[in-house]
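*Asks:* got a predicted structure plus its sequence, pasted below:
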Amino acid sequence: MNINVQQTPNPDTLKFVLDVELVKNGTIEFKSASEGNNYPFVGSFFNTCDIELLFLGSNFISVKKKPTVNWNEMQDSIENLIRLNFSGNFKPIEIAINIDSKQSDIFKRIEEVLELKIRPAVAMDGGNIKLKAFVDGVAEVELQGSCAGCPSSTLTLKQGVERMLVHYVPEVKSVRAISH
């Protein structure tokens with residue numbers, strides 16, 4: 001298995017790009033071993049390494065380490081866990097997509113801009129952006145993966161995401177990051 005390790009804008013997060021499909025139809029994020037009870041590999045990462053977050057995209061894993069740990073101390077362990085858990089008979093995780101027929105036209109247009117123009121760039125940095133709500137001209141989004149807690153995320157959100165959404169969806173007046 002080929003693993004390409006990439007830096008992200010978040011110094012506490014590395015992106016491990018694989019030649020294996022991990023997730024179909026989206027992304028999945030784990031902030032603790034207990035969040036991954038249905039996926040045995042999640043516990044192996046949290047129990048072996050000092051990490052705060054495990055984020056899976058279509059063909060990559062973003063791992064956010066605890067600030068007190070050095071990458072030199074754990075990168076090899078992470079790569080070994082990836083080889084152990086994702087080679088061979090691994091079947092990609094399928095994310096159920098629920099489309100609410102009551103979604104507003106604005107919500108759908110925001111989601112379309114995110115999907116076509118913003119998510120590909122955010123995924124390159126090992127993260128994701130999810131639209132959580134649209135209220136009174138404010139698009140509330142959740143930053144995931146390497147984007148969560150990234151020092152440059154506020155700048156990216158305001159100068160990149162907000163500017164693009166306001167341009168393509170005039171009803172959007174601002175963008176605010178929320179955490180779950």
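*Replies:* Yep, that arrived. Treat the numbers as computed from the prediction; the structure is a model and nothing was measured. Numbering: from 1, shown residues only.
*Asks:* tell me how far the helix or strand of the chain with the lowest mean pLDDT lies from the chain's centre.
*Replies:* Here the helix or strand of the chain ranked lowest by mean pLDDT, DSSP states H and E is helix 153-155, holding a mean of 78. Centre-to-centre, helix 153-155 and its host chain are 15 Å apart (CA atoms, centre = their mean, to the nearest Å).
*Asks:* again, but for stretch 57-67
*Replies:* Stretch 57-67 has its C-alpha centroid displaced from the chain centroid by 8 Å (CA atoms, centre = their mean).
*Asks:* and the contacts of that stretch?
*Replies:* Residues outside stretch 57-67 that contact it (CB atoms under 8 Å, 6 or more residues apart in numbering) are 8, 10, 12-24, 27, 45, 49-55, 71, 74, 78, 82, 123, 126-128, 145-146, 148-149. Heads up, the C-betas are built off the backbone N, CA and C, glycines and all.
*Asks:* again, only this time at 7 Å
*Replies:* Contact with stretch 57-67 is made by 8, 12-18, 20-23, 27, 50-55, 71, 74, 78, 82, 123, 126-128, 145-146, as judged by CB atoms under 7 Å, 6 or more residues apart in numbering.
*Asks:* tell me the mean pLDDT over it?
*Replies:* Here stretch 57-67 scores 94 as its mean pLDDT.
*Asks:* what's the span of it, first residue to last?
*Replies:* 23 Å (CA to CA, to the nearest Å).
*Asks:* which non-adjacent residue is nearest residue 122?
*Replies:* In space, and not counting its chain neighbours, residue 122 is closest to residue 129: 5.3 Å by CB to CB, 6 or more residues apart in numbering.
*Asks:* CA atoms only for the helix or strand hosting that neighbour, dumped as PDB, please.
*Replies:* Assessed by DSSP states H and E, residue 129 sits inside strand 127-135. What follows is strand 127-135, C-alpha atoms only, in PDB (Å, rounded to 0.1, in the frame of the first residue of the first chain):
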ATOM      1  CA  GLY A 127     -10.500  18.700   5.800                       C
ATOM      2  CA  ASN A 128     -14.200  19.300   5.000                       C
ATOM      3  CA  ILE A 129     -16.800  21.900   5.500                       C
ATOM      4  CA  LYS A 130     -20.500  21.000   6.300                       C
ATOM      5  CA  LEU A 131     -23.400  23.400   6.000                       C
ATOM      6  CA  LYS A 132     -25.300  23.100   9.300                       C
ATOM      7  CA  ALA A 133     -27.900  25.900   9.000                       C
ATOM      8  CA  PHE A 134     -28.800  29.000   7.100                       C
ATOM      9  CA  VAL A 135     -30.500  31.600   9.400                       C
END
